[in-house]
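J.: Provided below for reference: sequence and predicted model.
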Amino acid sequence: MGRLISIASGKGGTGKTTTTANLSIALGKMGYKVCAVDADLTMANLSLVMGIDDAYTTIHDVLAGRTDINNAIYATTYENVHIIPASIDWEHVIRADPRKLPETIKPLKKSFDFVIIDSPAGLQMDAMNAMMSGEEVLLVTNPEISCITDTMKVGMVLKKAGLVVLGFVLNRYGRSDNDIPPDVAEEVMEIPLLAVIPEDPPVREATLEGIPVVEYRPNSAGARAFMELAERITRIAGLKAKVMV
């Protein structure tokens, strides 16, 4: 039985989608069968980041009752990685029922080793439905105090809601002299720091090319950090699974 991991944050623009894409591909490189799900129903970007631009059937169609989830799963060019894209037009958005996200996504763990769910930021209803589609959550924050505290609040709510909080990613570290240091961020968050993703030009270049950096520039600092994150996730997920059984 596979694992369901929601990628969450307290603010938009922290790098949840970039983390979802790179973590999915990194896990695929390790031999795991992965499905990346774009559950950000109003600001969908995962398919663009992963270079998928020809998807006809999306998760919006499934949530609107037009088709089965299996018809929205697409193989990618990345080893062992599949994607469930979302639509970007408003017509699809207003027809989709976000309350159906958990019941739609959870059965996927029967078919994949990892289901990585790209969720909206914050604690609004759309975001909660997306995040509660997972069993575990990985938080993503930037090294700014307001972002860290908002993400900490999201983690506290999700923990109370029954999700296993694996830890957090400190993304885009090193772009400013005023960045909150990793050890301070971990002290504030009060959960394990699983990865520090540096401010690395290849990550930005990869996003523009629609090729996640672990594939675009695998030897870059950013790519290595995402690969290390994937390795830690597999170890922690395994431990959590044993504890929960």
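T.: Nice, I can see it.
J.: What's the biggest strand in the chain, counting residues?
T.: When the chain is parsed with DSSP state E, its longest strand is strand 164-173.
J.: That one: partners in the sheet, and parallel or antiparallel?
T.: Paired strands of strand 164-173, with direction, are strand 136-141 (parallel), strand 193-198 (parallel) (DSSP bridges).
J.: what's the next secondary structure element after the last one?
T.: Read it as strand 193-198. Proceeding N to C from strand 193-198, the next assigned helix or strand is helix 201-209, under DSSP states H and E.
J.: sorry, back to before: would you mind writing the CA trace of the longest strand of the chain as CSV?
T.: Provided in CSV are the C-alpha atoms of strand 164-173 (Å, rounded to 0.1, in the frame of the first residue of the first chain):
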residue,chain,number,x,y,z
VAL,A,164,1.3,12.9,10.2
VAL,A,165,3.5,15.9,9.9
LEU,A,166,6.8,14.6,8.5
GLY,A,167,8.7,17.9,8.7
PHE,A,168,9.4,20.9,6.6
VAL,A,169,11.5,22.2,3.7
LEU,A,170,13.3,25.5,4.0
ASN,A,171,13.2,26.7,0.3
ARG,A,172,15.2,29.4,-1.5
TYR,A,173,17.7,29.8,1.4
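J.: Quick check: buried residues in the helix or strand following it?
T.: Beyond strand 164-173 on the C-terminal side, the first helix or strand identified by DSSP H and E is helix 182-189. Using 16 or more other C-beta atoms under 10 Å as the test for burial, helix 182-189 gives 185, 186, 189. C-betas here are computed from N, CA, C, even on glycine.
J.: which one of those residues is nearest residue 22?
T.: residue 185 (19.9 Å; C-beta to C-beta).
J.: Test my guess that that closest one contacts residue 141.
T.: Yes: using C-beta atoms under 8 Å, residue 185 makes contact with residue 141 at a distance of 7.2 Å.
J.: quick one: contacts for residue 186?
T.: Listed by C-beta atoms under 8 Å, 6 or more residues apart in numbering, the contact set of residue 186 reads 192, 193.
J.: Out of the strands paired with strand 164-173, flag the one nearest residue 30.
T.: Nearest to residue 30, of the strands paired with strand 164-173 and by C-beta to C-beta, is strand 193-198 at 15.1 Å.
J.: quick one, helices of this structure?
T.: Assigned by DSSP state H, the helices in the chain fall at 16-29, 46-49, 59-63, 90-95, 101-105, 125-131, 145-160, 182-189, 201-209, 213-216, 221-244.
J.: Output the ones you listed in JSON lines; the columns should cover distance to residue 73.
T.: JSON lines is the format used below for the helices of the chain (distance: least, C-beta to C-beta, whole Å):
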{"stretch": "helix 16-29", "distance to residue 73": "13"}
{"stretch": "helix 46-49", "distance to residue 73": "13"}
{"stretch": "helix 59-63", "distance to residue 73": "10"}
{"stretch": "helix 90-95", "distance to residue 73": "17"}
{"stretch": "helix 101-105", "distance to residue 73": "11"}
{"stretch": "helix 125-131", "distance to residue 73": "17"}
{"stretch": "helix 145-160", "distance to residue 73": "26"}
{"stretch": "helix 182-189", "distance to residue 73": "33"}
{"stretch": "helix 201-209", "distance to residue 73": "23"}
{"stretch": "helix 213-216", "distance to residue 73": "20"}
{"stretch": "helix 221-244", "distance to residue 73": "21"}
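J.: who touches stretch 32-39?
T.: With C-beta under 8 Å, 6+ apart as the test, stretch 32-39 has contacts from 2, 6, 20-21, 24-25, 27-28, 44-47, 50, 58-59, 73, 80-86, 101, 105, 108, 111-120, 129-130, 133, 234.
J.: Many thanks, I have nothing further to ask.
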